[in-house]
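Visitor: One predicted model, sequence on top.
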Amino acid sequence: MKLGFDTTSILGNSGIETYGRELLKALIQLYQEHEFHLITNKNKKGKIASIFGNTPNIIYHNCMPHELMLGEALSPITRVIKNLIWKRKEKYIDLFHFTYFFRLPKIRNYAVTLHDLFLLDYPEKKLERKFKKSINYILKNAALIFVPSYYVAQDLTRFHPDSKDKIIVTYEGVSGNYKKIPKEHIKLSEYGIQPDETFFLYVGRIDPRKNLSGLIEAYSLLPEEVRREHRLVLVANGKGLLMEELKSKIIENGIKGNTILLQSIPENKLIELYSAAFCFVFPTHGEGFGLPVLEAMKCGCPVITSNNTSLPEVAGNAAILINPEDINEIKNAMLKIISDNELRERLIEEGFRNASLFSWEEAARRTMKGYQTIFNNKL
């Protein structure tokens, strides 16, 4: 098969970007008999090639103009140009796979990954209206829809019952880079974290859905002596008003002296943070998958996370599950893991076992099975 991939949005560290990058790496490695056509922006080929290499089954197409090539006012013209490029490539590509689903080109032979549908619950906002329009277009035209959990599959069929036959669940995986780092190899002093320091950890972007405010409030309710011995480290990516609001929330709750706020941490240091943390706390209001939960488990960090959406599916019996709406429940879970070392050790061992069930190789196999179904039906 000749498989086409939009690689214009896979260079960052968000969950969607990580998914696109890691899945494609696994597909290229496992299925060398197929051609992988990687379509990207004209100025990104070097970065993309540094990730995927130059094996014979990879063909790079650095042909896509940047969205703002002609300026924001003329971006509709740029989109027309991009659509013409996609249509030209459609003539010799058997199937495209889009892992970022806004502004899909008007072509026929494609699959798409929908990571979650939370925006559909808020149709009054401009972005949500745009998302709903994209979803309707995808459901009408996509040959396949990959989703990262059975929760998302159920959510999609709730909104669109007719989409059931197009959906394939492909659990995400965890990169082999994530593993427990021995204490003597961890060096976090550049982030204000000293050896043997005990801390709770959060990793994710700044977003109301992530419930950082609930975590901050819960942590602020811990006894003062507990906060002195267990700091809160937030790896919270965001900027502008959201970042200012987060900083204000930390100050308002009187925990500035106990909190370390970090951004844009490289992967090797993120792995050290997971390995060193006393506990990973992720009280999100909802996730389509919840990759940070598995990253923490793979690094031997016990997990407190939410009892909603995809989290029970991903965490299994290897985490303390809490109601993210209940601040006292989050606080009590943090106190429980401090006081019950036997529980903490059990969660670490169960976490290793649970994380081992998820791999990008298995995600790639399930994805390829979907591709082959569509390809065989076209013959």
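Guide: That came through, no problem. Numbers count the residues shown, from 1 in each chain.
Visitor: make it CA atoms for all contacts and neighbour counts henceforth
Guide: Will do.
Visitor: Tell me the secondary structure at the nearest residue to R103 once chain neighbours are set aside.
Guide: Leaving aside its sequence neighbours, R103 sits nearest to S134 (CA to CA, 6 or more residues apart in numbering; 7.2 Å). The three-state assignment at S134 reads helix, by DSSP: H, G, I helix; E, B strand; the rest coil.
Visitor: all strands for the chain, in order.
Guide: For the chain, the strands defined by DSSP state E cover 2-6, 35-41, 58-64, 95-98, 110-113, 144-147, 167-169, 199-205, 231-237, 259-262, 279-282, 303-306, 320-322.
Visitor: Could you tell me how far the residue nearest to P65 when sequence neighbours are not counted is located from A111?
Guide: Of all residues not flanking P65 in the chain, N41 sits nearest, at 5.7 Å (CA to CA, 6+ apart). Applying CA to CA, to the nearest Å, the value for N41 to A111 is 20 Å.
Visitor: which of these two has more neighbours?
Guide: Ranked by neighbour count (other CA atoms under 10 Å), N41 and A111 place A111 first, with 24 against 18.
Visitor: Any idea what that one is bridged to?
Guide: For A111, the beta-bridge partners are H97, L144 (DSSP bridges).
Visitor: Run through who's touching stretch 350-362.
Guide: 22-23, 26-27, 30, 171-175, 294-295, 297-302, 315-319 (CA atoms under 8 Å, 6 or more residues apart in numbering).
Visitor: now these: which count as buried?
Guide: 22-23, 26-27, 171-175, 294-295, 297-302, 315, 318-319 (16 or more other CA atoms under 10 Å).
Visitor: Distance from the chain centre to stretch 289-306, please.
Guide: The chain centre lies 12 Å from the centre of stretch 289-306; the measure is CA atoms, centre = their mean, to the nearest Å.
Visitor: And the chain, what are its domain boundaries?
Guide: 2-173+360-378, 183-355 (automatic domain parsing).
Visitor: and these, which is most packed in?
Guide: Highest mean neighbour count among these (mean count of other CA atoms under 10 Å): domain 183-355, with a mean of 19.
Visitor: From one end of that one to the other, what's the distance?
Guide: So domain 183-355: terminal residues 21 Å apart, CA to CA.
Visitor: what is the rounded mean pLDDT of it?
Guide: Mean pLDDT, computed over domain 183-355, is 95.
Visitor: hey, which helix is longest across the protein?
Guide: helix 360-378 (DSSP state H).
Visitor: between it and strand 2-6, how many degrees?
Guide: With axes from the mean of the first three to the mean of the last three CA atoms, to 10 degrees defining the directions, helix 360-378 sits at 120 degrees from strand 2-6.
Visitor: Mind jotting down where the helices sit in the stretch 101-250 of the chain?
Guide: Under the criterion DSSP state H, counting those that start in this stretch, the stretch 101-250 of the chain contains helices at 126-141, 150-159, 212-220, 224-229, 240-252.
Visitor: How far does the second one sit from its chain's centre?
Guide: What it means is helix 150-159. 18 Å.
Visitor: before we move on, what about the shortest one?
Guide: With CA atoms, centre = their mean as the basis, the distance from the averaged C-alpha position of helix 224-229 to the chain average is 32 Å.
Visitor: quick revisit: could the strands of the chain go into a markdown table alongside distance to E361?
Guide: Below are those laid out as a markdown table (distance: least, CA to CA, whole Å):
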| stretch | distance to E361 |
| --- | --- |
| strand 2-6 | 17 |
| strand 35-41 | 16 |
| strand 58-64 | 18 |
| strand 95-98 | 17 |
| strand 110-113 | 17 |
| strand 144-147 | 15 |
| strand 167-169 | 14 |
| strand 199-205 | 24 |
| strand 231-237 | 28 |
| strand 259-262 | 31 |
| strand 279-282 | 26 |
| strand 303-306 | 24 |
| strand 320-322 | 28 |
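Visitor: Determine which of those approaches S339 most closely.
Guide: Closest to S339 of those, according to CA to CA: strand 279-282, at 12.5 Å.
Visitor: Could you list the low-pLDDT ranges of the stretch 1-150 of the chain?
Guide: 67-75, 102, 122-128 (pLDDT under 70).
Visitor: Pull the CA coordinates from stretch 19-29 and hand them back as PDB.
Guide: This file holds the C-alpha atoms of stretch 19-29, laid out as PDB (Å, rounded to 0.1, in the frame of the first residue of the first chain):
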ATOM      1  CA  TYR A  19       0.200  10.100  19.100                       C
ATOM      2  CA  GLY A  20       0.900  11.100  15.500                       C
ATOM      3  CA  ARG A  21       4.600  10.800  15.900                       C
ATOM      4  CA  GLU A  22       4.800   7.600  17.900                       C
ATOM      5  CA  LEU A  23       2.200   5.700  15.800                       C
ATOM      6  CA  LEU A  24       3.900   6.600  12.600                       C
ATOM      7  CA  LYS A  25       7.300   5.500  13.900                       C
ATOM      8  CA  ALA A  26       5.800   2.100  14.900                       C
ATOM      9  CA  LEU A  27       4.100   1.700  11.500                       C
ATOM     10  CA  ILE A  28       7.200   2.400   9.500                       C
ATOM     11  CA  GLN A  29       9.300   0.000  11.600                       C
END
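Visitor: what residues does it touch?
Guide: Counting by CA under 8 Å, 6+ apart, 7, 10-11, 36, 52, 57-58, 99, 172, 175, 360-361, 363-365, 368 sit against stretch 19-29.
Visitor: any idea how far S175 lies from E295?
Guide: Taking CA to CA, one finds S175 at 8 Å from E295.
Visitor: Over to R129?
Guide: With CA to CA as the criterion, R129 and E295 are 33 Å apart.
Visitor: repeat for A142
Guide: 31 Å.
Visitor: Quote the end-to-end distance of stretch 272-281.
Guide: The straight-line separation of the ends of stretch 272-281 (CA to CA) is 16 Å.
Visitor: to the chain's geometric centre, what's the distance from that stretch?
Guide: Using CA atoms, centre = their mean, the offset of stretch 272-281 from its chain centre is 18 Å.
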